[in-house]
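Enquirer: Based on what follows, work out the 3D shape:
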Amino acid sequence: LDVPVVMIPGNHDSADRLGFGSRLLGDKLHIVADMDRADQPLVIEDDHGPVSIHGLPYLEPARVRALVGDQSIRTQDDAHRAMLARIGEPKPGERRVLVAHAFVSGGLESDSERPLSIGGLDTVEASTLNGFDFVALGHLHRPQSVSTEAIQYSGSPLRYSISECGYTKSFTR
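Expert: So this is what the prediction gives:
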C-alpha cells in the first residue's frame, strides 16, 4: 500500500531482535529500536507540508542514564524527559508526532498489564509529552486518550485477561 510505518519495541519485546537489519529495510519501515535513533524522525509529506514522526522505544531508566551520562535519571518520567530533550524543541511551524511505549499517568490499565514498579516510578506525566501535535502510545490495552485528545493509546486488538472482556477492541488511525 506504500504506507510508511514507524515501529518501536515495547516492554515485552527485544529491541535488539526487532532492530536487527532495520537500516536495510528501506524508507517505508522505520524501526526505532535504538534509543540513539529517537532524534532521527521519519518525515512524511501531506497536503499541509512535512510531518516529523519520532519513535521512542520502551525506555529503561538505567539504559537512558548510561546513554546520556546523567546519574540522576531514576524513573520512567526522568528517562522520557532526557530522551525528549535529545529530540529537542519543535521548529517554528513544524508538525510533530511521537510514537512511544509508556504508561502515562491517568491511563486506565487492566489485569494483563503488569506493574513494573511500585509508587509511580513506572509512569510518565502527560505534560512530559508536550511539544508534539499527536502522541500515539502503546502499553495499555484499552483504547483511550490521556489528559488530552492529542495523547492516545490505540489499545490492543486482542483480549489478554478476564478484565478485558468488556473492552471494545479497536484500531485507532
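
Enquirer: for the chain, what spans make up the strands?
Expert: Listed in chain order, the strands of the chain (DSSP state E) span 5-7, 29-31, 42-46, 49-56, 95-101, 103-104, 123-124, 134-138, 144-146, 148-153.

Enquirer: Now do G55 against P4, distance only.
Expert: 12 Å (CB to CB, to the nearest Å). For glycine as for every other residue, the C-beta is placed from the backbone atoms N, C-alpha and C.

Enquirer: Need the overlap of contacts for these two.
Expert: 30, 42 (CB atoms under 8 Å, 6 or more residues apart in numbering).

Enquirer: Could you point out which residue ranges in the chain have low pLDDT?
Expert: Where the chain drops to pLDDT under 70, the residues are 9-15, 17-19, 21-27, 106-121, 139-142, 144, 153, 155-165, 167-173.

Enquirer: what angle sits between the longest helix along it and strand 49-56?
Expert: Assignment by DSSP state H gives helix 76-87 as the longest helix of the chain. Using axes from the mean of the first three to the mean of the last three CA atoms, to 10 degrees, the inter-axis angle of helix 76-87 relative to strand 49-56 is 140 degrees.

Enquirer: before we move on, back to that, mean neighbour count, the strands of the chain: which tops it?
Expert: Of all the strands of the chain, strand 103-104 has the most neighbours on average by mean count of other CB atoms under 10 Å, namely a mean of 24.

Enquirer: That one packs against which elements?
Expert: strand 123-124 (3 or more CB pairs under 8 Å, 6 or more residues apart in numbering; DSSP states H and E).
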